[in-house]
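Participant: this one's structure only:
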């Protein structure tokens, strides 16, 4: 596909959703919303190095009686990066969910997360179980299965790389659109060409005349850079792993739909990580008021490449009534 033939129109431009910008102390969280803001809210969080366009193929299929908020995590898509000198951690992303619920004035809400976004959702749901009604996990275990004993090494490497980054004067690499797509597909064999176009629409900027970046304008001579913060390629300094992961998973009470692709995340885990993953599956999620584990045919981005394979179990959970014991007061939004 040449630059001139690029044709994907993201869901906001297609009229399904509306763009939003939410103020945060370091800038903005960008995203999209779908539905009536007086309906029960559902927050949707993408995976590592993706953006909220990952849910574009699901948006026309989701139940209409909910209010969906799709966000770009900090340093992804159109959201602001953390300032230089700060570290990205899963705990910051978990805290971000509370910032968003405060902004929208939600008392109770549901979560949908793919990959890293699912891990963030699980840690939040285990930390604030009284706030989360439904939890949908898309091809993720719920906690990153880092074997015990590697936490010190990860912290050491994280500090080293982050500090080197601050003094490196690293410049953005430039690509033609086709080369950017080739790079994305090479790093993500679970993507189709169409899926790559969908993610790139919110994941790259065009460089025009060597000076100004213009979003989403395609021309044959255009060059592009990826929008994601390069620091996301480094190890996080701290997180939720094998040593403490079960503490969070065992506290989740939300009704949970756990959707795993048969050729997805588990195919990329080595033996030690698979051992941790199985440990979480065997001993985690035991306090969920409702729990189903569903395997679907597909790869890691099955929700984007084949949404018809995941929408039925997703819908079956979202259509269940508010779980007993939660506050039933309306979670009206500010928008």
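Facilitator: That came in fine, so what should we check first? Computed from a predicted structure; not experimentally measured.
Participant: report the buried residues of stretch 277-289.
Facilitator: Neighbour counts using 16 or more other Cβ atoms under 10 Å place 277, 279-281, 284-285, 288-289 of stretch 277-289 among the buried residues. Using the backbone N, CA and C atoms, a C-beta is placed for each residue, glycine as well.
Participant: and the residue nearest to residue 93 when sequence neighbours are not counted, how far is that from residue 287?
Facilitator: Among residues not flanking residue 93 along the chain, residue 120 sits closest, at 4.7 Å (Cβ to Cβ, 6 or more residues apart in numbering). Counting by Cβ to Cβ, to the nearest Å, the gap from residue 120 to residue 287 is 19 Å.
Participant: how about residue 121?
Facilitator: Where residue 287 is concerned, residue 121 sits at a distance of 16 Å (Cβ to Cβ).
Participant: swap in residue 195?
Facilitator: Residue 195 is 35 Å from residue 287, by Cβ to Cβ.
Participant: ok, the most centrally placed residue in the chain - contacts?
Facilitator: For the chain, the residue nearest the mean C-alpha position is residue 46 (1.6 Å; Cα atoms, centre = their mean). Counting by Cβ atoms under 8 Å, 6 or more residues apart in numbering, residue 46 touches 52, 54-55, 70-73, 76-77, 114-117.
Participant: and stretch 36-48, which residues are buried?
Facilitator: Buried residues in stretch 36-48, counted by 16+ other Cβ under 10 Å: 39-47.
Participant: of these, which belong to strands?
Facilitator: Members of the buried residues of stretch 36-48 lying in strands (criterion: DSSP state E): 41-45.
Participant: pick the one among the residues you listed closest to residue 22.
Facilitator: Checking these against residue 22 with Cβ to Cβ, the nearest one is residue 43 at 11.5 Å.
Participant: how about the contacts made by the nearest residue to residue 285 once chain neighbours are set aside?
Facilitator: Using Cβ to Cβ, 6+ apart and skipping residues adjacent in sequence, the residue nearest residue 285 is residue 291, 5.3 Å away. Residue 291 is in contact with 255-256, 258, 285, counting by Cβ under 8 Å, 6+ apart.
Participant: go on, residue 277?
Facilitator: For residue 277, the contacting residues are 141, 145, 266, 269, by Cβ under 8 Å, 6+ apart.
Participant: which helix or which strand is home to the nearest residue to residue 229 once chain neighbours are set aside?
Facilitator: Excluding the flanking residues, the one nearest residue 229 by Cβ to Cβ, 6+ apart is residue 75, at 3.2 Å. Using DSSP states H and E, residue 75 sits in no helix or strand.
Participant: next: residue 126.
Facilitator: helix 116-127.
Participant: what are the pairing partners of the helix or strand following that helix, and which direction each?
Facilitator: As assigned by DSSP H and E, the chain's next helix or strand after helix 116-127 is strand 132-138. Here strand 132-138 is paired, per DSSP bridges, with strand 109-114 (parallel), strand 255-261 (parallel).
Participant: ranking those by burial, who's on top?
Facilitator: Across the strands paired with strand 132-138, the average number of neighbours (mean count of other Cβ atoms under 10 Å) peaks for strand 109-114, which reaches a mean of 26.
Participant: now that one: mean pLDDT?
Facilitator: Across strand 109-114, pLDDT averages out at 98.
Participant: contacting residues for the residue lying closest to residue 239 once chain neighbours are set aside?
Facilitator: Sequence neighbours aside, residue 90 is the residue nearest to residue 239 in space, at 4.8 Å (criterion: Cβ to Cβ, 6+ apart). Neighbouring residues of residue 90 by Cβ under 8 Å, 6+ apart: 116, 119-120, 123, 236, 239-240.
Participant: quick check: the gap between residue 90 and residue 45.
Facilitator: 11 Å.
Participant: intersection of neighbour lists for these two?
Facilitator: In terms of Cβ under 8 Å, 6+ apart, residue 90 and residue 45 are both contacted by the residues residue 120.
Participant: and the next element down the chain from the lowest-mean-pLDDT helix or strand in the chain?
Facilitator: Least confident helix or strand of the chain, by mean pLDDT, DSSP states H and E, is strand 212-214 with a mean of 40. Taking DSSP H and E as the definition, the helix or strand that follows strand 212-214 towards the C-terminus is strand 223-226.
Participant: mean confidence for that next one?
Facilitator: 95.
Participant: any idea how many residues pack against the residue lying closest to residue 172 once chain neighbours are set aside?
Facilitator: Leaving out its chain neighbours, the residue that sits closest to residue 172 by Cβ to Cβ, 6+ apart is residue 225, at 4.1 Å. When neighbours are defined as other Cβ atoms under 10 Å, residue 225 has 16 of them.
Participant: I'd like the numbering to begin with 53 instead of 1 from here.
Facilitator: Sounds good: first residue 53 from here, last item residue 277.
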